[in-house]
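> Just a sequence and a predicted model for now, questions to come.
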Amino acid sequence: MEATHALWLLAVPMAAVTVAGLSRRWGLSAPLVLVIAGLLVTFVPGVPRFELDPEFVLYVFLPPLLFSAAWQSSYYNLRENIRPIGLLSVGLVLFTTFVVGYTAYLLVPGLPLAAAFVLGAIVAPPDAIAAVSVAQRLGLPRRTVTILVGESLFNDATALTAFRVAVAAAAGAGFTLLDGVGRFLFAALAGAAIGLVLGPPLHWLRTRLNDPLVENGVAVLAPFAAYLIAEALHASGVIAVVVSGLYLGHRFTESAAVTRIIGHSFWKIVIFILESVVFLVIGLQLPEVLDGVSGHGWMSLTWWAFAIFAVTVITRFVWVFPAGYLPRLLSERIRTKESWYGWRAPVVVSWAGMRGVVSLAAAFAIPILTSSREPFPGRDLILFLTFTTVLATLLVQGLTFPMLIRRLGIGSAREEYADRVAEAGAQHAAAKAALDRLEELLAAEPSPIDETVTERLRQLAEHRQLRAWERLGGGTGPEGEEVPTITYRRLRREMLAAERQVFIQMRDERRIDDEVLNRVLHELDLEEAALHRD
């Protein structure tokens with residue numbers, strides 16, 4: 001590889017991280033700004049073309065993104081909402097595949113039905129990265145966020161299976177509907193089985209390594225192992241990654257504290273970089289997409305793009321509202337078990353249908369030639385309509401999604417208060433258990449322990465207990481003054497800053513070595529991180 005090409009490859013993640021960082025600082029939606037930045041860069045003279053490699057996306061980007069989302073998801077919340085998640089991740093994807101595919105078949109002259117269904121399968125799965133980040137920032141109810149996250153975890157498996165069946169049919173491989181159903185069931189069940197088989201031994205290995213770096217190294221390799229093994233066995237790599245991620249994330253509490261701290265920070269950095277690069281790359285695909293459709297009239301292309309985008313959005317509304325209302329009308333058990341937010345939550349879920357890089361990767365993965373060495377029917381047009389649908393959903397729905405949430409006034413204030421009350425109660429019980437255990441240990445000690453040690457331990461437990469109750473008042477007392485724990489953290493941070501400055505000055509004066517400095521700074525940083533927890 002030439003040095004110039006390597007520099008351009010480095011420029012993509014560097015630019016993505018820079019743009020995403022500025023977007024976060026200015027309070028803008030990073031995915032949308034990155035897509036727009038990618039589009040604008042394509043018009044700059046001298047910038048080379050960055051062609052999307054579908055294998056690279058599906059084998060390098062997708063596994064860690066899915067694994068991290070599954071790792072951080074609540075197994076219990078997903079299990080409690082399995083019905084709406086299944087209706088969206090399976091039912092809606094297949095419904096969108098059929099409606100969009102048949103619309104494209106009727107709309108575009110000469111496009112075969114099988115090729116039209118390829119387009120439908122490609123644009124069927126939403127990418128909830130942008131939607132979920134906005135939903136969490138604006139405080140949507142937990143159940144709504146859980147449903148969106150669960151849909152994004154499993155819908156790629158349905159869509160990619162439908163895509164492969166449709167491509168085989170369009171290429172003349174002779175697939176039938178029964179073949180497609182059988183292939184989907186095998187891929188889903190086998191993928192789940194592989195994820196379940198990999199989860200326990202990986203967890204067993206992690207808990208016995210007793211080395212935080214190696215333990216997190218195993219977690220980094222886990223999604224790639226699950227995906228590659230599943231794909232090699234013609235199962236769903238997506239489901240294998242999600243299931244293994246859910247298992248390991250659910251058991252992550254059994255890891256050591258340092259392992260959890262390192263793992264949490266590591267995944268935040270990796271996912272931030274990957275997501276930033278993904279959205280920038282979407283915008284960079286404009287020249288490649290336009291080259292293939294230069295022979296079509298721009299009026300026809302514009303009309304087709306608008307129609308496919310509109311049908312994709314409307315189809316989600318048509319599915320979500322009956323899927324949300326009918327089960328509640330027909331089942332008293334569902335009405336009793338599941339909370340209900342009226343019509344506002346279905347509107348939010350319906351509008352959270354932004355498409356992403358998985359759709360583009362699938363479109364680029366369409367073979368150029370069929371098995372009979374003929375050009376794949378409508379490949380360039382499918383790629384163009386996929387790109388315009390992804391772009392339109394990110395810009396139109398992405399830009400209006402925060403405003404929609406604010407206008408509907410749907411929030412999680414009650415949930416947040418209930419969480420704080422529950423946390424305060426749990427902290428109270430935990431502190432009592434800690435103090436009881438301390439008394440047991442003191443009684444069993446062969447010789448008396450210095451009273452200053454025991455008093456400090458009691459104060460730490462009582463401080464943690466008090467902090468949770470004070471947080472219920474937002475950190476202020478009845479007259480608006482600082483509560484003691486807020487004052488403690490503010491003053492302690494200033495003390496830590498003074499200590500840190502002394503250590504740095506002593507290193508600069510060569511009175512201590514850099515190795516000593518790094519060790520003491522790490523201890524100070526851990527304490528400051530604990531102070532910033534609230």
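Received the coordinates, thanks.

> switch to C-alpha atoms for all contacts and neighbour counts from now on
OK.

> And the average pLDDT for stretch 345-352 is what?
Mean pLDDT, stretch 345-352: 90.

> What are the contacting residues of it?
For stretch 345-352, contacts defined as Cα atoms under 8 Å, 6 or more residues apart in numbering pick out 126, 128, 131, 144, 148, 313, 316-317, 320-321, 324, 397-398, 401, 404-405, 410.

> Can I get that stretch in CSV, CA atoms only?
Extracted in CSV, the C-alpha atoms of stretch 345-352 (Å, rounded to 0.1, in the frame of the first residue of the first chain):
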residue,chain,number,x,y,z
ALA,A,345,-45.1,6.0,22.2
PRO,A,346,-46.3,4.3,19.0
VAL,A,347,-45.7,7.6,17.1
VAL,A,348,-42.2,7.8,18.5
VAL,A,349,-41.4,4.2,17.7
SER,A,350,-42.9,4.7,14.2
TRP,A,351,-40.7,7.7,13.5
ALA,A,352,-37.5,6.1,14.8
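
> Report the next helix or strand after the host helix or strand of I262 in sequence order.
Following DSSP states H and E, one finds I262 within helix 257-284. Sequence-wise, the next helix or strand downstream of helix 257-284 (DSSP H and E) is helix 286-292.

> for that next one, packing partners?
Contact analysis of helix 286-292 by 3 or more Cα pairs under 8 Å, 6 or more residues apart in numbering; DSSP states H and E lists helix 379-392 as its packing neighbours.

> other SSEs contacting the helix it packs on?
Applying 3+ Cα pairs under 8 Å, 6+ apart, we find helix 379-392 packed against helix 113-123, helix 286-292, helix 298-330, helix 357-364.

> How far does the third one sit from its chain's centre?
When you say that, I think you mean helix 298-330. Here helix 298-330 is found 24 Å from its chain centre; the criterion is Cα atoms, centre = their mean, to the nearest Å.

> At the geometric centre of this protein, which residue sits there?
A69 (4.3 Å; Cα atoms, centre = their mean).

> could you check the distance from it over to F184?
Look at A69 and F184: by Cα to Cα, to the nearest Å, they are 23 Å apart.

> where in the stretch 1-150 of the chain is pLDDT low?
Low-confidence segments of the stretch 1-150 of the chain, defined by pLDDT under 70, span residues 1-5, 128, 130-131, 134-136, 138.

> which other residues reach stretch 204-222?
Contacts for stretch 204-222 (Cα under 8 Å, 6+ apart): P64, L202, V241, S244, E254, S255, A256, V258, T259, I262, G263.

> Buried only: go through those for me.
Buried by 16 or more other Cα atoms under 10 Å: P64, L202, V241, S244, S255, T259, G263, out of these.

> In CSV: those, plus distance to P346 and secondary structure.
CSV is the format used below for the buried ones among the contacts of stretch 204-222 (distance: Cα to Cα, whole Å; DSSP: H, G, I helix; E, B strand; the rest coil):
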residue, distance to P346, secondary structure
P64, 29, helix
L202, 38, helix
V241, 28, helix
S244, 30, helix
S255, 38, coil
T259, 39, helix
G263, 35, helix
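
> and which of the residues you listed is nearest H296?
H296 lies nearest to P64 out of the buried ones among the contacts of stretch 204-222, by Cα to Cα, at 38.4 Å.

> so where's the stretch 301-450 of the chain uncertain?
Scanning the stretch 301-450 of the chain for pLDDT under 70 picks out the ranges 339-341, 371-372, 411-424, 427-428.

> now with 90?
Regions of the stretch 301-450 of the chain meeting the criterion pLDDT under 90 cover residues 323-345, 352-353, 356-358, 360-361, 367-379, 394-395, 398-450.

> residues near G356, how many?
Using other Cα atoms under 10 Å, G356 has 26 neighbouring residues.

> circling back: please identify the most buried of the helices and strands packed on helix 379-392.
Looking across the helices and strands packed on helix 379-392 with neighbours counted as mean count of other Cα atoms under 10 Å, the highest average goes to helix 113-123: a mean of 29.

> buried set for the helix or strand where A530 lies?
Applying DSSP H and E as the criterion places A530 in helix 514-531. By neighbour count on 16+ other Cα under 10 Å, the buried set for helix 514-531 is L521, L524, E528, L531.

> Surely the second one and A498 touch.
Right, the one you point to is L524. No: when contacts are counted by Cα atoms under 8 Å, L524 is not listed as touching A498 (10.8 Å).
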